[in-house]
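> Below are the sequence and a predicted model; questions follow.
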Amino acid sequence: MRLPWFITVLATFFVAVLSGLGVGSAGLFVLYLTGICGLAQTEAQGLNLVFFLLSAGASLLFHARRRRIPGSLVLFLLLFAIPGALAGTRLLQTLDAATVRRLFGGMLILTGGSALWRELRAARRARQGKEGHGLNL
């Protein structure tokens, strides 16, 4: 399906704003590219990587200027991020598109479910804390 160019520009801008806020926007962008634009899963993931480099690069410059990035942590993360990305790329080359799509969907369900579970637990703890203090009139 061919969409008007401004729809894709707006969707990309919206996902970039979420990315700048620290929201895990990769899933949203890949879903948009596969579900609405009709791209293959592997093409959408490749475009998502380019998108991520650009949006994360902008965020990195912003936070680095304000000295909010601990250099020692960045070096530590690089020790694992680079080999992990290479291993993931190699693994992707051995899998068929249907398996990649299922794995990606499973990852979205697990991460979304985990975030929802944490939020529900935090809300329950907050309610219990309020109920235990003060007068209940």
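Good, I have the coordinates.
> packing partners for the worst-scoring helix or strand of the chain on mean pLDDT?
Lowest on mean pLDDT, DSSP states H and E among the helices and strands of the chain sits helix 26-31, with a mean of 80. The contact analysis (3 or more Cβ pairs under 8 Å, 6 or more residues apart in numbering; DSSP states H and E) places helix 26-31 against helix 5-20, helix 41-65, helix 97-131. Backbone N, C-alpha and C define where each C-beta goes, glycine included.
> Excluding chain neighbours, what is closest to Leu31?
Leu108 (7.9 Å; Cβ to Cβ, 6 or more residues apart in numbering).
> what's the pLDDT at that neighbour?
With respect to pLDDT, Leu108 has a value of 82.
> before we move on, back to that, output the least confident helix or strand of the chain as PDB, nothing but the C-alphas.
Presented in PDB, the C-alpha positions along helix 26-31 are these (Å, rounded to 0.1, in the frame of the first residue of the first chain):
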ATOM      1  CA  ALA A  26      11.900   0.500  17.800                       C
ATOM      2  CA  GLY A  27       8.900  -1.800  18.100                       C
ATOM      3  CA  LEU A  28       6.600   1.000  17.000                       C
ATOM      4  CA  PHE A  29       8.600   1.900  14.000                       C
ATOM      5  CA  VAL A  30       9.000  -1.700  12.800                       C
ATOM      6  CA  LEU A  31       5.300  -2.300  13.300                       C
END
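> As JSON lines, the helices and strands packed on helix 26-31 with distance to Thr34 and mean neighbour count would be great.
Converted to JSON lines, the helices and strands packed on helix 26-31 look like this (distance: least, Cβ to Cβ, whole Å; neighbours: other Cβ atoms under 10 Å):
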{"stretch": "helix 5-20", "distance to Thr34": "13", "mean neighbour count": "14"}
{"stretch": "helix 41-65", "distance to Thr34": "5", "mean neighbour count": "15"}
{"stretch": "helix 97-131", "distance to Thr34": "8", "mean neighbour count": "11"}
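> Sketch out the low-pLDDT regions of the chain for me.
Applying pLDDT under 70 to the chain picks out residues 1, 22, 24-26, 131-137.
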